[in-house]
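Asker: sequence-free structure coming up:
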């Protein structure tokens with residue numbers, strides 16, 4: 001009879017969780033052998049380069065069954081990215097987004113500048129191996145694209161700052177959008193609604209997505225979505241108790257966030273099928289913003305000179 005070590009607990013290709021200094025990471029068994037009567041597993045960390053592969057003894061206690069998400073749920077831990085590589089990549093995205101939102105001295109002609117900045121509005125496609133529907137398409141209508149283009153022009157070439165709305169914050173926009181839906185459906189309706197009623201289902205998807213967008217906005221708004229001239233004011237506001245960005249910033253900052261939505265959405269926890277519903281909800285919101293953008297954006301009048309610049313210095 002063969003020894004127990006000849007039959008590894010983990011199979012070749014099996015997904016597992018491997019610990020590094022007491023921190024769990026999603027991993028995969030890419031090699032199995034027995035050495036001195038002990039099972040040896042060659043581990044590949046998901047999202048890491050192959051040079052980080054390592055051999056882990058089966059009796060080390062570092063490798064356990066299941067996925068990282070299952071481990072986090074079982075131990076009441078917050079859901080985190082499945083690999084350290086993702087955490088490093090998110091910082092690169094933040095750095096790239098920060099640099100793409102304006103520099104200290106832009107001297108290019110406005111037409112050339114506008115062409116370069118149009119990349120900001122292009123929908124990004126994110127490919128993930130663990131989700132069947134891998135893309136979230138966000139289409140910016142021409143009025144919404146023009147808002148972002150004008151925002152780039154006013155903030156970078158004319159050196160103005162955006163007036164924060166007294167009425168028309170992200171909270172206000174989303175509240176009015178939800179109220180505009182037929183029957184003013186509430187999230188609790190989801191569990192009472194017949195599943196064959198497509199219109200009602202889309203309404204509930206719209207409500208859920210809109211509320212999630214507010215939370216997403218409060219989480220993501222920061223220096224990477226602000227021009228340099230806006231950051232000092234933002235830091236002062238953040239220091240206030242109970243600060244919520246969605247109560248202070250309006251449609252322009254919302255569109256900036258949506259223009260980069262896919263880059264941040266790519267780091268969400270695994271949720272197969274979610275992309276389709278998110279796309280439906282965002283499309284409904286974008287249709288509303290297109291129809292009502294003039295209520296929340298006044299073109300050049302939405303901007304003003306910084307407090308330390310005389311009004312006579314405005315570039316026309």
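Answerer: Good, I have the coordinates. No experiment lies behind these values; they were computed from the predicted model shown. Numbering: from 1, shown residues only.
Asker: what is the least confident helix or strand in this structure?
Answerer: helix 84-100 (a mean of 45; mean pLDDT, DSSP states H and E).
Asker: can you give the domain ranges for the chain?
Answerer: Annotated domains of the chain cover 14-74, 104-313 [automatic domain parsing].
Asker: now those in a markdown table, with mean pLDDT and mean neighbour count?
Answerer: The C-beta positions use only the backbone N, C-alpha and C, and glycine is treated the same way. Supplementary listing: those in a markdown table, determined by pLDDT from 0 to 100; neighbours: other C-beta atoms under 10 Å:
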| stretch | mean pLDDT | mean neighbour count |
| --- | --- | --- |
| domain 14-74 | 89 | 16 |
| domain 104-313 | 75 | 16 |
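Asker: next, give phi and psi for residue 69.
Answerer: For residue 69, the backbone dihedrals are phi -60, psi -40 (criterion: degrees, to the nearest 10).
Asker: any idea how far it is from residue 38?
Answerer: Residue 69 sits 29 Å away from residue 38, taking C-beta to C-beta, to the nearest Å as the criterion.
Asker: ok, residue 248 next?
Answerer: Note on residue 248: its distance to residue 38, by C-beta to C-beta, is 59 Å.
Asker: cool, residue 62 as well?
Answerer: For residue 62, the distance to residue 38 - C-beta to C-beta - is 13 Å.
Asker: likewise for residue 219?
Answerer: Distance, residue 219 to residue 38, using C-beta to C-beta: 45 Å.
Asker: please apply the same query to residue 153.
Answerer: Distance, residue 153 to residue 38, using C-beta to C-beta: 66 Å.
Asker: kindly report the same for residue 229.
Answerer: In this view, residue 229 and residue 38 are 62 Å apart by C-beta to C-beta.
Asker: now for this protein: which strand has the highest residue count?
Answerer: In the chain, assigned by DSSP state E, the strand with the most residues is strand 23-35.
Asker: please identify the helix or strand for residue 70.
Answerer: When elements are assigned from DSSP states H and E, residue 70 belongs to helix 68-74.
Asker: what packs against that helix?
Answerer: strand 23-35 (3 or more C-beta pairs under 8 Å, 6 or more residues apart in numbering; DSSP states H and E).
Asker: hmm, who's touching the next helix or strand after the strand it packs on?
Answerer: Using DSSP H and E, the next helix or strand after strand 23-35 towards the C-terminus is strand 38-45. The contact list for strand 38-45, computed with C-beta atoms under 8 Å, 6 or more residues apart in numbering, reads 5, 8-10, 16, 18, 25-34, 50, 52-59, 63, 83-85.
Asker: now the helices for the stretch 201-316 of the chain?
Answerer: Along the stretch 201-316 of the chain, the segments classed as helices by DSSP state H, counting those that start in this stretch run 228-238, 251-259, 261-265, 274-296.
Asker: adding distance to residue 202, write those helices out as a markdown table.
Answerer: Output for those, formatted as a markdown table (distance: least, C-beta to C-beta, whole Å):
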| stretch | distance to residue 202 |
| --- | --- |
| helix 228-238 | 35 |
| helix 251-259 | 19 |
| helix 261-265 | 19 |
| helix 274-296 | 6 |
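Asker: do you know which of the ones you listed lies nearest residue 149?
Answerer: Minimum separation from residue 149 across those (C-beta to C-beta) falls at helix 251-259, 10.7 Å.
Asker: got the angle for that closest one vs helix 228-238?
Answerer: Calculated by axes from the mean of the first three to the mean of the last three C-alpha atoms, to 10 degrees, helix 251-259 forms an angle of 100 degrees with helix 228-238.
Asker: contacts for helix 251-259 next, please.
Answerer: Applying C-beta under 8 Å, 6+ apart, the external contacts of helix 251-259 come out as 101, 120-121, 138, 140, 144, 147-148, 151, 162, 165, 168, 170, 173, 213, 216-217, 220-221, 225-226, 245, 282, 286, 289, 293, 296-297, 302.
Asker: from these, which ones fall inside strands?
Answerer: Among the contacts of helix 251-259, DSSP E puts residue 162 in strands.
Asker: which element is residue 56 on?
Answerer: Element membership of residue 56, judged by DSSP H and E, is strand 54-57.
Asker: that strand packs against which elements?
Answerer: Checking 3+ C-beta pairs under 8 Å, 6+ apart, strand 54-57 ends up next to strand 38-45.
Asker: partners of the strand it packs on in the sheet?
Answerer: Counting by DSSP bridges, the strands paired with strand 38-45 are strand 23-35 (antiparallel), strand 54-57 (antiparallel).
Asker: closest one to residue 205 among these?
Answerer: Short answer: strand 23-35, nearest of those by C-beta to C-beta, at 29.2 Å.
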